[in-house]
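In: A predicted structure for the sequence below; I have some questions about it.
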Amino acid sequence: MTVDRRAFLGAGFAATAALAGCAARPQVVRPDALRTVPGPAAAPAAGPQYTTAVTGILTRNLKPTPQNPKHPGYAGAVALAMVDGKVTMHTAVGHALRYAAGPRELPAGRRVAMRPDSVFDTASLTKVYTAILVLQLADRGRLDLDAPVQTYLPGFTGAGKNRVTVAMLLAHTGALPVGAKVTGLPSNAARRKAVLTTPLLSGARPGDAFRYSSTGLMVLGQLVEKLTGTSLDRALADNVTTPLGLTDTGFLPLKWLSAPAKAKRLVATDARSSRGLLRGIVHDDVCNVLGGVAGHAGVFATARDVAAIGQMLLDGGTYNGRRILSTAMVTRMLTNANKGKKAYDAERPRRPSDHGLGVTLNQPWFMGRLAGPATFGHTGFTGTSLLVEPRRKLVLVLLTNRAHPNWSWADPDPVRVAVANAVAAAL
């Protein structure tokens, strides 16, 4: 039986009342100031037109709106845009920390303002990083994307699973359920085995349709570990973040952030679960049970570092002079693998099935008027999103902490669409 992820995360959590409060002053990084910050060069130009519009949208949703009258959309947000490799917008509003466990609204002096360099739990944006690691292995001849997963992971057992290929898991056509049952097991080895032995959905056939599955990326995380001979967090550091100079990206941020960064830059998520306030601890329950490192969730990052991943893919596998994927592999990654297939998504029943190998394509429900056959990106349950529109050479990152203190308070998609439409109108 499939368990909706929202229901899974919400099991056993009590409903909470709305908590009011005033917003922190928006922080807009001027293009000229960005020149002194490591990373992409800044553009002097077109940013202000949509920076004002986007900052206004983000600020309005710090409070209840007519569309979401009971609660704020989130406690805080950061948006960053790059055009032709240059930062044209980088703005932050609200708070990285506004509520204590309970949830209980903190007094103004104990809140932590959102900053342009705040570090977010990116949730399912992690899937993009896992996909990149898998594609690197294919680039290096270590695996065949069209081979059965069982070729590399013999423990991937169950009826019909011999037909599931690596590419199917990347495109969410592997017929696996959304989540895996890993709670109540005696060891991490048992939990990892439970991921691999998760049965296919009843009535589903591998390759027949798009069905979003975090389980498939959990499996691919284990595949990366098997073929690299190292842990997934180490593989990410060795093969992606270190080569690209992404010093604010990784699993388990409490291990690598400095004490001042933990205090001032970490963005909080849930504040009303049995786990208490989550800040620097992964929000995703399954990832947490797996130790905070998994193929489907667990990566923390800043907006600038997320944008670098989008720019690397936009530039065919290179960033700041370092190539981590071949142009041919990026082309395959960004090509729709699901043409003609149906999409089954209870939360978004009219979504297209369009999906590359690790990124989704042409999804108006979060891309708004920037959607198109070549537009690619991903979203994360905590309120994060990466959007890349190749025709405009645009990379757009929106990171919100809509799960702070309670993910059920607001749907993040309307704000994603509003931001995308504001940028589209200006460009």
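Out: Sure thing, it's come through. Numbering: from 1, shown residues only.
In: quick one: Ala420 from Leu399, how far?
Out: 14 Å (Cβ to Cβ, to the nearest Å). (Glycine included, C-beta is placed from N, CA and C.)
In: In terms of packing, which of the two has more residues around it?
Out: Leu399 (30 against 26; other Cβ atoms under 10 Å).
In: so the more buried one sits in a helix?
Out: No - under the criterion used here (DSSP: H, G, I helix; E, B strand; the rest coil), Leu399 is strand, not part of a helix.
In: so what's it bridging to?
Out: With DSSP bridges as the criterion, Leu399 is bridged to Val78, Thr384.
In: In contact with it, which residues?
Out: Shown in contact with Leu399 (Cβ atoms under 8 Å, 6 or more residues apart in numbering): 77-79, 118, 120, 122, 267, 303, 306, 383-385.
In: for those, which one is nearest Trp407?
Out: Gly383 (8.2 Å; Cβ to Cβ).
In: Burial check on that closest one, number of neighbours?
Out: Using other Cβ under 10 Å, Gly383 has 31 neighbouring residues.
In: can you check the one 5 residues further on too?
Out: A count of nearby residues for Val388, using other Cβ under 10 Å, gives 26.
In: Need the nearest residue in space to it, chain neighbours excluded.
Out: Gly310 (4.5 Å; Cβ to Cβ, 6 or more residues apart in numbering).
In: show me what contacts the one you found?
Out: Going by Cβ under 8 Å, 6+ apart, Gly310 touches 82, 377, 386-388, 395-397.
In: what's the distance between it and Thr360?
Out: 13 Å.
In: Residues that sit against both of those two, list them.
Out: Gly377.
In: Please determine how far the closest residue in space to Trp409 that isn't next to it in sequence is located from Leu135.
Out: Residue nearest to Trp409 in three dimensions, not counting chain neighbours: His71, with 3.7 Å by Cβ to Cβ, 6+ apart. Note on His71: its distance to Leu135, by Cβ to Cβ, is 39 Å.
In: okay, these two: which has more neighbours?
Out: Between His71 and Leu135, counted using other Cβ under 10 Å, Leu135 has the larger neighbour count: 24 against 20.
In: Gly203: neighbour count?
Out: Neighbours of Gly203 (other Cβ under 10 Å): 7.
In: Same question for Leu314.
Out: Quick note: Leu314 (other Cβ under 10 Å) scores 23 neighbours.
In: For it, which non-adjacent residue is spatially closest?
Out: Counting by Cβ to Cβ, 6+ apart, the residue nearest Leu314 is Val388, at 5.4 Å.
In: Please name the bridge partners of that neighbour.
Out: Phe376, Val395.
In: Nearest to Leu325 among the contacts of Leu399?
Out: Set against Leu325, the nearest of the contacts of Leu399 by Cβ to Cβ is Val306 (16.7 Å).
In: Dump the contacts of Gly310 into a markdown table; add distance to Ala190 and pLDDT as well.
Out: Below are those laid out as a markdown table (distance: Cβ to Cβ, whole Å; pLDDT from 0 to 100):
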| residue | distance to Ala190 | pLDDT |
| --- | --- | --- |
| Met82 | 44 | 97 |
| Gly377 | 35 | 98 |
| Leu386 | 34 | 99 |
| Leu387 | 38 | 99 |
| Val388 | 39 | 98 |
| Val395 | 41 | 98 |
| Leu396 | 41 | 98 |
| Val397 | 37 | 98 |
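In: quick one: stretch 386-405 to chain centroid distance?
Out: 9 Å (Cα atoms, centre = their mean, to the nearest Å).
In: when you compare where the helix or strand that contains Thr55 runs with where strand 394-400 runs, what's the angle?
Out: Thr55 belongs to helix 47-60 when assigned by DSSP states H and E. Per axes from the mean of the first three to the mean of the last three Cα atoms, to 10 degrees, the angle that helix 47-60 makes with strand 394-400 is 20 degrees.
In: any idea how far Gly316 is from the nearest residue to Pro26 once chain neighbours are set aside?
Out: Of all residues not flanking Pro26 in the chain, Val93 sits nearest, at 4.4 Å (Cβ to Cβ, 6+ apart). Noted for Val93: a distance of 33 Å to Gly316, by Cβ to Cβ.
In: try Tyr129
Out: Distance from Tyr129 to Gly316, by Cβ to Cβ: 18 Å.
In: Do a quick rundown of the helices in the stretch 101-250 of the chain.
Out: 126-139, 166-171, 188-196, 214-228, 232-236, 242-244 (DSSP state H, counting those that start in this stretch).
In: hmm, back to that, tabulate the contacts of Leu399 in a markdown table, adding columns for distance to Met329.
Out: Formatted as a markdown table, the contacts of Leu399 follow (distance: Cβ to Cβ, whole Å):
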| residue | distance to Met329 |
| --- | --- |
| Ala77 | 33 |
| Val78 | 30 |
| Ala79 | 29 |
| Ser118 | 32 |
| Phe120 | 27 |
| Thr122 | 22 |
| Val267 | 32 |
| Ala303 | 26 |
| Val306 | 20 |
| Gly383 | 30 |
| Thr384 | 25 |
| Ser385 | 23 |
